[in-house]
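**Q** I would like the atomic coordinates for the input below:
(one chain, ligands or ions: 2)
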Amino acid sequence: MSWIADTYQTMNPGQLDALGCVTGKPLALHGIAGRKEATGRGVAIAVRECVDIAEDMKKLGLTAGLSGKRVIVQGLGNVGYHTIKYLLEFGATIVGICEYEGAIYSSSGLNLDEVFTHRKTTGSILGFPGAQKEFKNSAEGLEQDCDILVPAALENQITIANVANIKAKIIAEAANGPTTPEAAEVLMKRGCIIIPDMYCNAGGVTVSYFEWLKNLSHVAFGRMDKRYEENANLNLVNMVEKTTGVTLDAVQRSMIVKGATELELVNSGLEDTMIRSYHEIRDVQMANPKIDGLRTAAFVSSIDKVAISYMNMGIWP
Ligand SMILES: NC(=O)C1=CN([C@@H]2O[C@H](COP(=O)(O)OP(=O)(O)OC[C@H]3O[C@@H](n4cnc5c(N)ncnc54)[C@H](O)[C@@H]3O)[C@@H](O)[C@H]2O)C=CC1
Ligand SMILES: O=C(O)CCC(=O)C(=O)O
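**A** Ligands and ions are numbered 1, 2, ... in the order given. Below is the predicted model of the structure:
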């Protein structure tokens, strides 16, 4: 992406906002902290929001919360790897991982770093010592027992040909277009929840938007206020210590005083976007019985925003 920005700048000399012409640039060349992991982090937050709603989980015969939920992820690339990383942090159990050369499964859970290292050293996910089962035909991995399936590799992975064998009750579309419309219909008739790609994998484009904002404002997030925030927090801590006679240790003090870094601000903006949007979309679905799922709800929610903005502006001429 940096050569695109460089070429654009060269062809448009003197244009102040030229760096905003493309996003996904390396951090050293006006990119943004947190972009690499943003899509996977966003997917994990989307799944967490979905499973935290007890009413929806009850309909699926599941309890609320990610803790102990069994997840299969297809694709150990950028999106798949980071989705697994954050789902594990949130308490889920990764029971299956599918790559193009095959799939592995363990009902007691797979260790991400061990799988990643095994694949890096042997060139294949197969033969991983921690797996209870393995499949040379990777597609079989999608059909194993789990609560949540995260296709994070390619389009058209859940189709009319394999949908009958899919056991997951929640499909989180990390890849673009992983479920065909016919398969989605079958899943929804079965009562499954599909977290649609246009929302589920939008963490990446959200942080790309933050990169664009950074490029237009010509200053990194946190640059102007980090020290100010730290000094203000320090004054407050000193005052509280003086008033109460309680002295904080160095770790407590630095945790309270520390101002936000660019990465923390990016992650905060990403998390807020993913959480807010999930509930916005779900609210639209709940408000209209004709809306059959979150994908249609996401379309309705977006089209409503365009319509409301047109109505507020008035149509001219
Ligand atoms: N990287 C991003 O920020 C975003 C990516 N996406 C979508 O997410 C998906 C994955 O993207 P990335 O992780 O960036 O790509 P990537 O190239 O880093 O990872 C894809 C992984 O899928 C594996 N794969 C290929 N064929 C497979 C098969 N038949 N079965 C199982 N695994 C297979 C590849 O070996 C690779 O490890 C794509 O659909 C992409 O459009 C969507 C939004 C943002
Ligand atoms: O980085 C972006 O702006 C969008 C990335 C994305 O949505 C994708 O790779 O499909």
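**Q** what about the stretch 1-150 of the chain, any weak spots by pLDDT?
**A** For the stretch 1-150 of the chain, applying pLDDT under 70 flags no range at all.
**Q** So which residues on it come close to ligand 1?
**A** 39, 74-80, 98-100, 138 (C-beta under 6 Å from any ligand atom). Placement of C-beta: from N, CA and C, glycine included.
**Q** ok, now the stretch 151-300 of the chain?
**A** Near ligand 1, the residues belonging to the stretch 151-300 of the chain are 152-154, 174-176, 201, 204 when assessed by C-beta under 6 Å from any ligand atom.
**Q** Narrow these to those in strands?
**A** Nothing among those maps onto strands, per DSSP state E.
**Q** Give me the distance between the two termini of stretch 189-198.
**A** 21 Å (C-alpha to C-alpha, to the nearest Å).
**Q** same question, stretch 100-119
**A** Termini of stretch 100-119 sit 12 Å apart (C-alpha to C-alpha).
**Q** How far away from the center of its chain is it?
**A** Relative to its chain's centre, stretch 100-119 lies at 20 Å (C-alpha atoms, centre = their mean, to the nearest Å).
**Q** buried stuff in that stretch?
**A** Within stretch 100-119, the residues scored as buried using 16 or more other C-beta atoms under 10 Å are 102-106, 110, 112, 115-116, 118-119.
**Q** Mind checking which of the residues you listed are in helices?
**A** Filtering the buried residues of stretch 100-119 for membership in helices, criterion DSSP state H, returns 112, 115-116, 118-119.
**Q** still on that earlier bit, tell me the one of the residues of the stretch 1-150 of the chain next to ligand 1 nearest ligand 2?
**A** Nearest to ligand 2 out of those is Thr39 (C-beta to the nearest ligand atom; 7.0 Å).
**Q** Setting aside sequence neighbours, what's the nearest residue to that closest one?
**A** Among residues not flanking Thr39 along the chain, Gly204 sits closest, at 3.6 Å (C-beta to C-beta, 6 or more residues apart in numbering).
**Q** quick one: pLDDT of the one you found?
**A** Gly204 is assigned a pLDDT of 98 by the prediction.
**Q** so how far is Thr7 from it?
**A** Using C-beta to C-beta, to the nearest Å, Gly204 is found at 23 Å from Thr7.
**Q** higher neighbour count, the two?
**A** Shown here are Gly204 and Thr7; by other C-beta atoms under 10 Å, Gly204 has more neighbours (23 against 13).
**Q** Can you report how many residues neighbour the residue in the chain that ligand 1 sits nearest to?
**A** Closest approach between the chain and ligand 1, counting by C-beta to the nearest ligand atom: Gly77, at 1.7 Å. Look at Gly77: counted by other C-beta under 10 Å, it has 12 neighbours.
**Q** hmm, back to that, which of the residues of the stretch 1-150 of the chain next to ligand 1 tops the neighbour count?
**A** Highest neighbour count within those, by other C-beta under 10 Å: Cys98, with 30 neighbours.
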